[in-house]
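Undergrad: kindly generate the corresponding structure for this input.
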Amino acid sequence: MKTETRARAKLNISLDVLGKRPDGFHEMRMIMAAASLYDDISIETETASSFVKTNLRYLPNDSRNIAMKAAELFFEKTGIKNSGTVINIKKRIPVCAGLGGGSADAAAVLDALNEMYGGPLSRENLMEMSAALGSDVPYCLLGGAALAEGRGEVLTALPPLPDCHIVICKPRLSHSTGTIFARLAGRKLSRHPDTAGIIAAMEAGDIKNVARRMYNVFEDVLDKSSPCLEIKRALVNSGADGAVMSGTGTAVFGIFEDGQAARAAYEEMKPNWAETFLCRPER
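TA: Numbering: from 1, shown residues only. Below is the predicted model of the structure:
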């Protein structure tokens, strides 16, 4: 059997860290939205062997790849024999960017396999399984816009992000998620995102007030010379209504109400930042 699907990038409209949990994870509060930046995935089952193939040579092609982990978990939980699964991923979502590319791939594989085999797992089953793969995977399975709490697995659907134009830039630098979290230890954060205000603006369809309230507390722990902060300033100077780093970085995105301004910013940013994308919210 063979099928094709898409994995959508996630954007952190806001990201707040509320403290350390007894299980060692951090208590999070985030507003997430999906963007029209995709990885294309084809899945073939009942093959002679199992492996992952991507257009990026440095990504693992075995069960170290979260997409294959998702497939193995699906077969384990359903009891369906895995006689071989080949997952072919055309990566467009930048790697190590805070855009949930790996998590989105895993969620897409879970969803696609469940459909291929006639839906043996309920939506609740899939959401529970996805949390075992990673903190962002449940959101990527849900899609749209959502408030994410706990480790990121406690989700509340929100009204869609109002229509807008989004410019995403990723510098060559990548952050270690563990290192960024470690920098928060014992640190008093100078500000927190206005989560309630962002949700109210989304409910009102007011994209300018969503953009103006965007904030990610990890920006507090970046070096002043970080290219993420440079990109944020450049996007705002190019006319973005607001800009913010997504996840633990290093991708930064700006929201534009004006499509011409977004296109001009995209053209201006692309020569400086090779991984630059122009997209829209995905509902």
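
Undergrad: what's the average pLDDT for the longest helix that the chain contains?
TA: Longest helix in the chain by number of residues (criterion: DSSP state H): helix 101-116. Averaged over helix 101-116, pLDDT sits at 98.

Undergrad: off-centre distance for that helix?
TA: Relative to its chain's centre, helix 101-116 lies at 14 Å (CA atoms, centre = their mean, to the nearest Å).

Undergrad: same deal with stretch 14-29?
TA: 17 Å.

Undergrad: now what about that stretch, what contacts it?
TA: For stretch 14-29, contacts defined as CB atoms under 8 Å, 6 or more residues apart in numbering pick out 30-31, 135, 147-152, 181, 184, 189, 192-195, 198, 213-218, 244, 247. No exception for glycine: its C-beta is placed from N, CA and C like everyone else's.

Undergrad: all strands for this structure, in order.
TA: 2-20, 26-45, 51-54, 85-90, 145-150, 154-157, 165-170, 215-216, 242-245, 252-256, 275-279, 281-282 (DSSP state E).

Undergrad: any idea how this structure splits into domains?
TA: Split into domains by automatic domain parsing, the chain comes to 2-157, 165-282.

Undergrad: neighbours around residue 150, how many?
TA: Using other CB atoms under 10 Å, residue 150 is surrounded by 16 other residues.

Undergrad: which ones are touching it?
TA: With CB under 8 Å, 6+ apart, residue 150 has these contacts: 27, 28.

Undergrad: look up how far residue 188 lies from it.
TA: Relative to residue 188, residue 150 is positioned 23 Å away (CB to CB, to the nearest Å).

Undergrad: before we move on, what about residue 135?
TA: For residue 135, the distance to residue 188 - CB to CB - is 24 Å.

Undergrad: please say which of those two ends up with more neighbours.
TA: Using other CB under 10 Å, the more surrounded residue of residue 135 and residue 188 is residue 135, with 20 against 6.

Undergrad: please report how far the more buried one lies from residue 38.
TA: From residue 135 to residue 38 the distance is 21 Å (CB to CB).

Undergrad: next: residue 106.
TA: In terms of CB to CB, residue 106 sits 15 Å off from residue 38.

Undergrad: which one's more surrounded, those two?
TA: The residue with more neighbours, out of residue 106 and residue 38, is residue 106; 28 against 21, by other CB under 10 Å.

Undergrad: excluding its backbone neighbours, what's nearest the more buried one?
TA: With CB to CB, 6 or more residues apart in numbering as the criterion, residue 106 has its nearest non-adjacent residue at 4.0 Å, and that residue is residue 70.

Undergrad: tell me, how many residues neighbour that neighbour?
TA: The burial count for residue 70: 28, using other CB under 10 Å.

Undergrad: correct me if wrong: it contacts residue 133.
TA: Yes: counting by CB atoms under 8 Å, residue 70 does reach residue 133; the two are 5.9 Å apart.

Undergrad: between the two, which contacts overlap?
TA: Common neighbours of residue 70 and residue 133 (criterion: CB under 8 Å, 6+ apart): residue 106.

Undergrad: ok, residue 127 - how many residues close by?
TA: 19.

Undergrad: burial count for residue 174?
TA: Neighbours of residue 174 under the rule other CB under 10 Å: 16.

Undergrad: so what's the nearest residue to it once chain neighbours are set aside scoring on pLDDT?
TA: In space, and not counting its chain neighbours, residue 174 is closest to residue 96: 3.8 Å by CB to CB, 6+ apart. Looking at residue 96, its pLDDT reads 93.

Undergrad: where's residue 96 relative to residue 220, distance?
TA: When distance is defined by CB to CB, residue 96 is 20 Å away from residue 220.

Undergrad: now residue 152
TA: 19 Å.

Undergrad: more neighbours: which of these two?
TA: More neighbours surround residue 152 than the other of residue 152 and residue 220, with 25 against 16 (other CB under 10 Å).

Undergrad: contact partners for the nearest residue to the more buried one once chain neighbours are set aside?
TA: Using CB to CB, 6+ apart and skipping residues adjacent in sequence, the residue nearest residue 152 is residue 135, 3.8 Å away. By CB under 8 Å, 6+ apart, residue 135 lies in contact with 25, 28, 103, 151, 152, 153.
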